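Student: Sequence and predicted model, in that order:
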Amino acid sequence: MIAKDKDKQLGRGGRRWRAVLVWFLAVVVLLPFAQMIWTAQRPREVVDRSYRYLSQLLPAHEMTRHLEIAPRPLRVALTNSIIVSGTCALLCVVLGAAAGYAFAKKEFRGKTALFDLVLASMAVPPAILMVPVFRLTVVLHIYDTLLALILPFSVTGFAIVYMRYAISAVPDSLIESARLDGLSEAAALFRVVLPSIWPSVLTLAVVQGIATWNLFVLPLAVTASQENYTVAILLGRLMSDFGGLMWNDIMVVVIAALLPIAVVFVVFNRWILKGSTAIGDEHPAGRRP
Amino acid sequence: MAEVTLENVTKVYPGDVVAISDVNLNVADMELVVLVGPSGCGKSTTLRIIAGLEQATRGNVKIGGHTVNQVPPKDRDIAMVFQNYALYPHMTVYKNMAFGLKLRKYPRQEVEKRVSEAAALLGIQDLLDRKPRALSGGQQQRVALGRAIVRQPAAFLFDEPLSNLDAKLRVEMRAELSRLHHRLGTTMIYVTHDQVEAMTLGDRIAVMHEGVIQQLDTPLVLYNRPVNRFVAGFLGTPPMNFLHGRLEGGDDKILFNEGSARLELPRWAKYGAEALSGREAVFGARPEDISIAQGPGAMQAKVNVVEPLGNEMIVHLSTQYHDLICKAPSDKHIAVDNEVSLIFDIDKTHLFDPEAGNNVTLTQRRHLPE
């Protein structure tokens, strides 16, 4: 409505300029993606030549070393990323829901203080935890395994806070109804409460999955062998360890890193929007009087 | 089918908040008992204790003769209908109704049979494939009822089930609930704050106030023989008028002195005078027991507001000391600001103790209608 009103205010000339501006911004945003796809498709020599031309404008790079990026490391890294992100997303929902349920619906000693602690944990940048997490993985004998990539992110402050507010909107009577119907409290949470707020649950899963997918510093600290690289680590290694910058290989990996996220967004877009605006709305089962 | 009994049930919340205190209630098999009272009176807590959703601090809950204090809600053989219906939003109507049965591992044919029977009973056969959000409030209410009915429980518990419906639908569903009760013949306990619902639905009504059952009896006994001022004032719209004054006179004649007028009371008032022994008295008269007369009457009053309802009028009046409400036939000509005289149907009035609030002459008046 507001957008339409503005349309009228702008007048024809204004609308044309706005269209130009929107297209310009779209090109600016999409240009790196176009470059990425172009680079990934071209043979090395062409890429090198054009990048060398570019590099005369930018600080010069030596592009001497060669590395054929075999499809295998990429396939392994992709599989690892999917396993790690998928598991983390699932665990964040399950553990976040359990903790969020307790904060939303239960009274216990120290609840406020504990919740403040959870809130505070959201302010800690993951990179700060690099050393302690590294030490922990060594102590637990999971250094350089996929478990080391999953465990530190199996639940986050954000997941708990998010689920608390999502579950707060669920009327108590819905849970009581489920209990009278014969479910245990935990079963009521997972079979009635979570399905009743599934857009929020899906949103949390996607947000956590993508956040884990994009993690770089902390996973770098707890993995050593190529077997356990995620796509993000592989990309990082390509850009540093091997010295030279194989732009076309790098762009292949970049595409591999981006594509699943893009697919997830396109597929779940509608529900994510619903889930991210649903909090604070009235629950479909109605308010508790 | 079962009777439900509460024995000295007390619930104290943390911080020493007494929600209900020493509640004794015996709901006979197939009976519909309504718990009614203002919000915070403990009626919902009582129901939730019967359901097992809350634990009593003291006392016993018996369903079908068995003490169920330690029995979890799902094993108490009760079904509950909530004010906001509490339908599972992600399930269709059919699944909502079948869920409890499936969890109890009923065979599929049995589940289907019960759901379709209940759906037919409630007229919701066409809605079985819909999700709750696609239903109107009244339809959701029916589904919530259906979900309770399919379980064929020993007792139904209703927690203000009609409060979220609009006025017209509420009247319809009230009649439907009454019909269902006759049809199913199951024990029902019904919580409401609406005294009209209580009067129309209940075989018996328990009027609750401040965590205590004030009176438990049939609707008409509650209406005609209220044990105290709270019950008298809670049932009936507009509520009973209470006038503060003093009892005067001797053995032959008892008068109630309102301040601006004296009302002559019948013989039973003598017991009131004895009980109150010179203290102030509260005189209670229902709006329909006061009529407006043209000539001289027992009391003079000024007309403040006239509310025509079509079938009758509600007239707000004031004497020098009190405000009163009375009902008058709709064809009567009553003008605002006029002085009128009032005539009391004195045998239907009551005398209350101003401090304790009890109806001081009730035990002496067997002739009061029941």
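Tutor: Thanks, I have it.
Student: Just the buried residues of stretch B:198-209, please?
Tutor: The neighbour-count check on stretch B:198-209 (16 or more other C-beta atoms under 10 Å in any protein chain shown) flags B:198, B:199, B:201, B:202, B:204, B:205, B:206, B:207, B:208, B:209 as buried. C-beta coordinates here come from the backbone N, C-alpha and C atoms, glycine included.
Student: whoops, I mixed them up, stretch A:34-46
Tutor: Within stretch A:34-46, the residues that count as buried by 16+ other C-beta under 10 Å are A:36, A:39, A:40, A:42.
Student: what's the spacing between stretch B:8-27 and its chain's center?
Tutor: 19 Å (C-alpha atoms, centre = their mean, to the nearest Å).
Student: Which residue ranges of chain B form helices?
Tutor: Ranges of helices in chain B, per DSSP state H, are B:43-51, B:93-103, B:108-122, B:137-149, B:167-184, B:195-201, B:219-224, B:229-234, B:269-276.
Student: Report the beta-bridge partner residues of residue B:191.
Tutor: Here residue B:191 shows beta-bridge partners residue B:35, residue B:159, assigned using DSSP bridges.
Student: now residue A:147: how far from residue A:221?
Tutor: Plainly put, residue A:147 is 14 Å away from residue A:221 if you go by C-beta to C-beta, to the nearest Å.
Student: For residue B:244, list the residues it contacts.
Tutor: Each residue near residue B:244 by C-beta atoms under 8 Å, 6 or more residues apart in numbering or on different chains is listed here: B:258, B:280, B:281, B:282, B:283, B:321, B:322, B:354.
Student: how many neighbours does the second one have?
Tutor: Neighbour count for residue B:280, taken as other C-beta atoms under 10 Å in any protein chain shown: 12.
Student: Find the nearest non-adjacent residue to the residue nearest in space to the middle of chain A, please.
Tutor: Against the mean C-alpha coordinate of chain A, by C-alpha atoms, centre = their mean, the closest residue is residue A:210 at 1.7 Å. Computed as C-beta to C-beta, 6 or more residues apart in numbering or on different chains, the closest residue to residue A:210 that is not its neighbour in sequence is residue A:261, at 5.6 Å.
Student: what does residue B:22 give?
Tutor: With sequence-adjacent residues excluded and distances taken as C-beta to C-beta, 6+ apart, residue B:22 is closest to residue B:8, at 5.3 Å.
Student: So that neighbour is in contact with residue B:56, correct?
Tutor: No: under the criterion of C-beta atoms under 8 Å, residue B:8 makes no contact with residue B:56, lying 9.1 Å away.
Student: Show me which of these two is the more surrounded one.
Tutor: The residue with more neighbours, out of residue B:8 and residue B:56, is residue B:56; 24 against 12, by other C-beta under 10 Å.
Student: Can you list phi and psi of the more buried one for me?
Tutor: As for residue B:56, its main-chain torsions (degrees, to the nearest 10) stand at phi -70, psi 140.
Student: which ones are touching it?
Tutor: So residue B:56 contacts B:9, B:10, B:11, B:49, B:69 (C-beta under 8 Å, 6+ apart).
Student: State the distance from it to chain A.
Tutor: Separation of residue B:56 from chain A (C-beta to the nearest C-beta, to the nearest Å): 17 Å.
Student: Over to residue B:318?
Tutor: On the measure of C-beta to the nearest C-beta, residue B:318 and chain A end up 36 Å apart.
Student: Done for today, thanks.
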